[in-house]
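Undergrad: Structure for the following, please:
(one chain, ligands or ions: 1)
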Amino acid sequence: MTECPSRGKLLSGARISCPSCNVLLSNPLAGTLAGRGLRFGAYIAEAVLGYVVILALGALAGISPTEEGAVGTFLLGMLGLIIVNVYFWSKGETLGKWLLGMKVYKTSDSPAGFGTMLLREIVGKFVSGFVLCLGYLWILWDRDFQGWHDKIAGTVVIRKSA
Ligand SMILES: [Zn+2]
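TA: Residues are numbered from 1 along each chain as shown. A predicted model of the protein is given here:
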């Protein structure tokens, strides 16, 4: 990738991403920010897949979600989701972002580590969802496509190049 042409015109620290080409200014080689459609696609994918994981693990354990084993199914599914999440968070991703080719970066330049992901996914998303999911909707008008959870953790979401 060539250096962003508008980079030199921007005051240092004034913007996280280039307004014209959406590269992460602190690390243009990391790639461009993921757009709003991809971001919301990942949330939908995660919600659906989370449900599938719970049902699949329940089925594997021979527990029907409609019977008296429902609590066991739920607990097993939650355990499965925790394992899946820890795996992807340790790589600076989430299940939905991995599926749709995205990665979380710190605005400072580097890929998000596990600690940053914990802050983003647990504290950040709790806050984002707290007031009618306003923190998620923020992505729709934020110029760097940051939700509140991104602002709390100091992160942006980057499209992985092929
Ligand atoms: Zn640019």
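
Undergrad: can you give me the strands in this protein?
TA: 102-106, 155-159 (DSSP state E).

Undergrad: Do me a favour and average the pLDDT over stretch 85-100.
TA: For stretch 85-100, mean pLDDT is 94.

Undergrad: For that stretch, buried residues please.
TA: Buried residues in stretch 85-100, counted by 16 or more other Cβ atoms under 10 Å: 85, 88-89, 91-98, 100. Just so you know, the C-beta spots here come from the backbone N, C-alpha and C atoms, and that holds for glycine as well.

Undergrad: Which residues lie in contact with the closest residue to residue 125 other than its chain neighbours in this structure?
TA: The shortest distance from residue 125 to any non-neighbouring residue, by Cβ to Cβ, 6 or more residues apart in numbering, is to residue 149 (4.8 Å). For residue 149, the contact set (Cβ atoms under 8 Å, 6 or more residues apart in numbering) comprises 120-121, 123-125, 127-128, 135, 155.

Undergrad: what does residue 30 give?
TA: Counted by Cβ under 8 Å, 6+ apart, residue 30 has contacts 23-24, 105, 109, 111, 158.

Undergrad: Give the closest residue to it in space, chain neighbours not counted.
TA: Residue 30 sits nearest to residue 24 (Cβ to Cβ, 6+ apart), 4.9 Å away.

Undergrad: Quick check: beta-bridge partners of the one you found?
TA: Note on residue 24: beta-bridge partners by DSSP bridges are residue 17.

Undergrad: Surely it is in contact with residue 34?
TA: No: in this structure residue 24 lies outside contact range of residue 34 using Cβ atoms under 8 Å: 10.8 Å.
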